[in-house]
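quick one, what's the 3D model for this:
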Amino acid sequence: MPAGDVVTASLAALDDGEVVCVPGLSDAGAVARLSAAELGLRDGAGTRVAPRCGTARTARD
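Residues are numbered from 1 along each chain as shown. Below you'll find the model as predicted:
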């Protein structure tokens, strides 16, 4: 995609209020799904190591 097209598409998206613009992506809902997934990860993160991660292992393990 030519750089000029990327700039034009990005500026149009900015005018439409989009924070994330992927000019070659036809599925606008994909960005919304990505944002929702990222939010879910942040909301699910705690301040301690998750039990699934267990304890630190040495390189020999």
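
where does the protein dip in pLDDT?
Where the chain drops to pLDDT under 70, the residues are 55-61.

closest to the centroid, which residue in it?
Computing the C-alpha centroid of the chain and ranking residues by Cα atoms, centre = their mean puts Leu34 first, at 5.2 Å.

how about that residue, what does it touch?
Leu34 makes contact with Val20, according to Cβ atoms under 8 Å, 6 or more residues apart in numbering. C-beta: built from backbone N, CA, C; applies to glycine.

let's see that with 6 Å instead.
For Leu34, no contacting residues are found, by Cβ atoms under 6 Å, 6 or more residues apart in numbering.

just the buried residues of the helix or strand where it lies, please?
Assigned by DSSP states H and E, Leu34 belongs to helix 28-44. Under the neighbour-count criterion of 16 or more other Cβ atoms under 10 Å, helix 28-44 has Val31 buried.

gap between Leu14 and Pro2?
19 Å (Cβ to Cβ, to the nearest Å).

more neighbours, these two?
Neighbour totals were compared for Leu14 and Pro2, and Leu14 leads with 11 against 7 (other Cβ atoms under 10 Å).

can you classify Val22 by secondary structure?
coil (DSSP: H, G, I helix; E, B strand; the rest coil).

for it, which non-adjacent residue is closest in space?
Nearest residue to Val22 in three dimensions, chain neighbours excluded: Val31, at 6.4 Å (Cβ to Cβ, 6 or more residues apart in numbering).

the one you found reaches Val19, doesn't it?
No: in this structure Val31 lies outside contact range of Val19 using Cβ atoms under 6 Å: 9.0 Å.

which residues do those two both contact?
Between them, Val31 and Val19 share no contacting residue, judged by Cβ under 6 Å, 6+ apart.

mind checking how far stretch 43-53 is from the chain centre?
20 Å (Cα atoms, centre = their mean, to the nearest Å).

now do the end-to-end distance for that stretch.
Chord length of stretch 43-53, first to last residue, is 18 Å (Cα to Cα, to the nearest Å).
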